[in-house]
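Participant: Just a sequence and a predicted model for now, questions to come.
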Amino acid sequence: MPGRGKAVASGAELEREVAAIGRALGLLVDEQVAVGRRVWGARRRIDIVLKHPDTRVSLGIECKYQGGAGSAEEKIPATLEDIKVWPIRGIVVYSGEGFSENIKAFLLSTGMAVELADLRKWLELYFGL
């Protein structure tokens, strides 16, 4: 479909595509940014951090891909809670045919998630581009 995002086939590809969209918009891109520890002691990392070069406004992005039935969907509520303690605003960018319609509806209802196909326009609005 015209104007839609590029199809990805893995979580790593999703992260690369999100970073590429950020760079194409002229944003600074950092990947796998360490931001403290989780409750159980594991290092907390933000997949992608985008920053406007002039305003310095930042946005953290957690990338979630699920190509088929699996566990990525089950981790979504914990991911959203984790984002709430980041030192910057954050969202989930998701892609893949494996996400159920119920979890897609849940994600969108939180105001903290964007489907990859809609990311470019969302970022343009968020960063005022």
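Facilitator: Yes, it's here.
Participant: Please count neighbours and contacts with C-alpha atoms only from this point.
Facilitator: Fine.
Participant: Quick check: buried residues in stretch 79-89?
Facilitator: Neighbour-count burial for stretch 79-89, with 16 or more other CA atoms under 10 Å as criterion, is recorded at 79, 80, 82, 83.
Participant: what's the closest of these to residue 56?
Facilitator: For the buried residues of stretch 79-89, the minimum distance to residue 56 (CA to CA) is 19.4 Å, reached by residue 83.
Participant: Could you report the distance from residue 66 to residue 117?
Facilitator: 15 Å (CA to CA, to the nearest Å).
Participant: Correction: the previous question concerned residue 127.
Facilitator: Applying CA to CA to residue 127 and residue 117 gives a distance of 17 Å.
Participant: same deal with residue 29?
Facilitator: On the measure of CA to CA, residue 29 and residue 117 end up 19 Å apart.
Participant: Repeat that for residue 15.
Facilitator: 13 Å.
Participant: Among the two, which residue is more densely surrounded?
Facilitator: residue 15 (23 against 17; other CA atoms under 10 Å).
Participant: Provide the secondary structure category for that one.
Facilitator: Under DSSP: H, G, I helix; E, B strand; the rest coil, the three-state class of residue 15 is helix.
Participant: residue ranges of the helices in the protein, please?
Facilitator: Under the criterion DSSP state H, the chain contains helices at 11-24, 76-83, 101-110, 119-127.
Participant: Would you mind writing the CA trace of the second one as CSV?
Facilitator: These are the backbone C-alpha positions of helix 76-83, laid out as CSV (Å, rounded to 0.1, in the frame of the first residue of the first chain):
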residue,chain,number,x,y,z
ILE,A,76,3.8,-5.9,26.1
PRO,A,77,2.3,-4.9,29.5
ALA,A,78,5.7,-5.2,31.2
THR,A,79,7.3,-3.2,28.4
LEU,A,80,4.8,-0.4,28.8
GLU,A,81,5.4,-0.3,32.6
ASP,A,82,9.2,-0.2,32.0
ILE,A,83,8.8,2.8,29.6
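Participant: how far away is residue 33 from residue 19?
Facilitator: From residue 33 over to residue 19 (counting by CA to CA), the distance is 13 Å.
Participant: shared neighbours, those two?
Facilitator: Listed as contacting both residue 33 and residue 19 by CA atoms under 8 Å, 6 or more residues apart in numbering are residue 48.
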